[in-house]
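Participant: 3D model of this:
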Amino acid sequence: MAYKPITDQQLRLYMTDLQNHSQRTAAARAGFSERTARRFDVDPTPPSQRKIVHGRTVADPLEGYWDTDLLPLLEKDSALQAVTLLRHLQSEHPLAFPDDRIRRTLERRVRQWRALMGPERDIIFRQTPEPGYMAQSDFTHAEELRVTIAGQPFQHLLYHFVMVYSRWEHVGVVLGGESFTALAENLQQALWSLGGVPQNHRTDSLSAAFRNLTADQREDITKRYDAFVGHYGMDASRNNRGEAHENGAVESQNRHLKKAIEQALILRGSRDFATIEDYRRFIDTLVAAVQAERTHLKPLPQRRTTDFTEIVVPVTRTGGFLVKSIFYSAPSQLIGQRLRVHLYDDRIEAFLVGTLVVTHPRGRGRDNGHRLHVINYHHVIHALRRKPQALWGSIYRDSLFPRTEYAEAWKVLQRDLPRRDACRRMVDLLFIAHEQACEAELAYLISADLDAGRVPEPGALVLLLAPKATVLPRDVAVAHPSLDSFDALLGASA
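Facilitator: Got it, this is the predicted structure:
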């Protein structure tokens, strides 16, 4: 029951009724308890004339310790938590503080000290968005979506671009981590999808993109980013480190975006996609454009700018080149040449004097502690056909097979045939797939042989791939229409 102060009128009523009634009855008629009545019997001073005394009803457990032990620590660093101060007291005065009984008292005391004597705190200044002024970009992890590609867990990020005024958004699937390449490629795609350029583009502190980089590399990325936004005529801004609310428009939208994707995946009935492109198309269908601020945007430049990282690499005698410690194959004709490689988030493109000569999906990480190899068997099949025994010990043999059916065939050939025959037969299978451009069809036939317990035989499979012979008729009767029929048609149309 909430406490209500006793009034002078209640006291006068009690004193009057006390002349004719018992103490209990008189107190009840006045509206207070019998215990309160006994206090008034001892001291009949009206409530309005009583002096209110505020004070503790129990002894202060921190008396003698707050000013000497705790206050100097708080004044030195106000970030100290109450539980840390309690542990300090317990270590210094174990007999006085044997347990955590005073923890709540100490938390209230620290909270009160911060409110009265603590340092100034930052204030969030909410802003009124302007149409066409600011866009914000952010990367967000997507592991909680539990998406799989062809049955395998798909580790990825989502790049999120949001126009602050209209909440127009663009989403990109990022295969690697936060990097300048991922930011530039997806930001550029967002701007061209938007059809205009905002005045200001805001990101977080980009600390993830700078992680593990040298000072020169960080400076290089900073210059490239400044050149990128300069090409589009945007101003670049960053929120202060640890102040996520300064990028609040996109940060709050991240939660809504992943919730929308989660709900769409539930409706879809499956979180598995055949390819990454299928997943990207699925994401694109969830993002709707808003036209509210297009008229306030600056026009796009005539062309796009660089949204990749460029390096120059030599093609070695091993039939490929290294990019960020990952080996990529190349046609043997390029051995000894220097290629200019463009690194995108999901692919690499290699150029020789302006001509695109090699493209690969971008590889990342290491394979069981060993260097990762990204191999296109078309690049090496002719050399392998001349030296098929090289297949057995090749360091990138397992990366050579274009489909799982070919890898399964190699396991069977290794098991059932001598080394020489196994290598020759496997190389012949790859050569057939390359020469006749029948990789998928041959994989189906290989799978049928393996399911039937047969060792794949290239000669037999070639016969199954050969087109069926057809017999053309020798004599074809052609009836020529009379010219009178054309005159009849012309007359009917006239």
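Participant: could you use CA atoms for every contact and neighbour count after this?
Facilitator: Noted.
Participant: just the helices in the stretch 151-300 of the chain please.
Facilitator: 180-194, 207-210, 215-231, 248-268, 276-286 (DSSP state H, counting those that start in this stretch).
Participant: could you check the angle the first one makes with helix 215-231?
Facilitator: Counting by axes from the mean of the first three to the mean of the last three CA atoms, to 10 degrees, helix 180-194 lies at 10 degrees to helix 215-231.
Participant: average pLDDT for stretch 303-315?
Facilitator: Stretch 303-315 shows a mean pLDDT of 86.
Participant: er, stretch 167-176 I mean
Facilitator: Averaged over stretch 167-176, pLDDT sits at 88.
Participant: okay, how far is it across that stretch, tip to tip?
Facilitator: This stretch, stretch 167-176, spans 26 Å end to end (CA to CA, to the nearest Å).
Participant: hmm, back to that, may I see the helices of the stretch 151-300 of the chain organised as a markdown table, with distance to Asp487 added?
Facilitator: Listed next are the helices of the stretch 151-300 of the chain as a markdown table, based on distance: least, CA to CA, whole Å:
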| stretch | distance to Asp487 |
| --- | --- |
| helix 180-194 | 56 |
| helix 207-210 | 78 |
| helix 215-231 | 67 |
| helix 248-268 | 61 |
| helix 276-286 | 56 |
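Participant: check those for me: which has the lowest mean pLDDT.
Facilitator: Sorting those by mean pLDDT places helix 207-210 lowest, at a mean of 59.
Participant: now do the SS call for the nearest residue in space to Phe161 that is not next to it in sequence.
Facilitator: Leaving aside its sequence neighbours, Phe161 sits nearest to Ser137 (CA to CA, 6 or more residues apart in numbering; 4.6 Å). On the three-state scheme (DSSP: H, G, I helix; E, B strand; the rest coil), Ser137 is labelled strand.
Participant: tell me the contacts of Ser137?
Facilitator: Contacts of Ser137 were listed using CA atoms under 8 Å, 6 or more residues apart in numbering, and they are 159-162, 187, 201-204, 250.
Participant: buried ones from these, can you make that a ChimeraX selection?
Facilitator: Buried residues among these (16 or more other CA atoms under 10 Å), as a ChimeraX selection:
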select :159,160,161,162,187,201,202,203,204,250
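Participant: pick the one among the contacts of Ser137 closest to Thr45.
Facilitator: Val250 (65.1 Å; CA to CA).
Participant: isn't the closest one up against His160?
Facilitator: Yes. Using CA atoms under 8 Å, Val250 makes contact with His160 at a distance of 7.1 Å.
Participant: how near is Asn254 to Ala264?
Facilitator: To Ala264, Asn254 is 15 Å away according to CA to CA.
Participant: can you check Tyr406 too?
Facilitator: For Tyr406, the distance to Ala264 (CA to CA) stands at 36 Å.
Participant: please apply the same query to Lys223.
Facilitator: 40 Å.
Participant: before we move on, the earlier item: more crowded one of Asn254 and Ala264?
Facilitator: Asn254 (21 against 16; other CA atoms under 10 Å).
Participant: could you list the low-pLDDT ranges of the stretch 351-494 of the chain?
Facilitator: Applying pLDDT under 70 to the stretch 351-494 of the chain picks out residues 367-369, 468-470, 491-494.
Participant: where along it do the helices fall?
Facilitator: Under DSSP H, counting those that start in this stretch, the stretch 351-494 of the chain gives helices at 377-386, 390-393, 404-416, 419-435, 439-451, 458-465, 483-493.
Participant: hey, which of these is tucked in deepest?
Facilitator: Across those, the average number of neighbours (mean count of other CA atoms under 10 Å) peaks for helix 419-435, which reaches a mean of 19.
Participant: touching it from outside, list them.
Facilitator: 377-378, 381-382, 384-385, 388-389, 391-392, 409-410, 413-414, 438-439, 442, 457-458, 462.
Participant: same thing but 7 Å
Facilitator: Under the contact criterion CA atoms under 7 Å, 6 or more residues apart in numbering, helix 419-435 has outside partners 378, 381, 384-385, 388-389, 391-392, 410, 413-414, 439, 442, 458.
Participant: could those residues go into CSV alongside distance to Gly319?
Facilitator: Compiled in CSV, the contacts of helix 419-435 are given as follows (distance: CA to CA, whole Å):
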residue, distance to Gly319
His378, 12
Ile381, 11
Leu384, 11
Arg385, 15
Pro388, 15
Gln389, 17
Leu391, 14
Trp392, 17
Trp410, 22
Leu413, 25
Gln414, 25
Glu439, 22
Leu442, 26
Pro458, 26
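Participant: nearest residue to Asp272 other than its sequence neighbours?
Facilitator: In space, Asp272 comes closest to Thr148 once its chain neighbours are excluded; the distance is 4.6 Å by CA to CA, 6+ apart.
Participant: again, but for Pro458
Facilitator: Sequence neighbours aside, Leu429 is the residue nearest to Pro458 in space, at 5.7 Å (criterion: CA to CA, 6+ apart).
Participant: compare the helices of the stretch 151-300 of the chain and give me the one nearest Val478.
Facilitator: Using CA to CA, the helices of the stretch 151-300 of the chain put helix 276-286 closest to Val478, at 50.0 Å.
Participant: list the buried residues for that closest one?
Facilitator: 279, 282-283.
Participant: likewise for stretch 134-147?
Facilitator: Neighbour counts using 16+ other CA under 10 Å place 134-140, 142, 147 of stretch 134-147 among the buried residues.
Participant: just stretch 74-93 next, same as before
Facilitator: Within stretch 74-93, the residues that count as buried by 16+ other CA under 10 Å are 74, 78, 82, 85-87, 89-90.
Participant: contacts for that stretch, please.
Facilitator: Here stretch 74-93 has contacts from 70, 97-98, 103, 106-107, 110, 118, using CA under 7 Å, 6+ apart.
Participant: go with 8 Å
Facilitator: Stretch 74-93 has contacts (CA under 8 Å, 6+ apart) with 69-70, 73, 96-100, 103, 106-107, 110, 114, 118-119.
Participant: please name the bridge partners of the nearest residue to His141 once chain neighbours are set aside.
Facilitator: Distance criterion CA to CA, 6+ apart; nearest residue to His141, sequence neighbours excluded, is Leu157 at 4.7 Å. Beta-bridge pairing of Leu157 under DSSP bridges involves His141, Val174.
Participant: how much space between Leu157 and Val171?
Facilitator: Relative to Val171, Leu157 is positioned 10 Å away (CA to CA).
Participant: same thing with Ile395?
Facilitator: Ile395 sits 38 Å away from Val171, going by CA to CA.
Participant: any idea how the chain splits into domains?
Facilitator: Per the record, the chain has its domains at 8-47, 66-117, 134-296, 309-465, by automatic domain parsing.
Participant: coming back round to it: format the helices of the stretch 351-494 of the chain as TSV; extra columns: distance to Arg474.
Facilitator: Formatted as TSV, the helices of the stretch 351-494 of the chain follow (distance: least, CA to CA, whole Å):
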stretch	distance to Arg474
helix 377-386	42
helix 390-393	50
helix 404-416	43
helix 419-435	33
helix 439-451	33
helix 458-465	27
helix 483-493	28
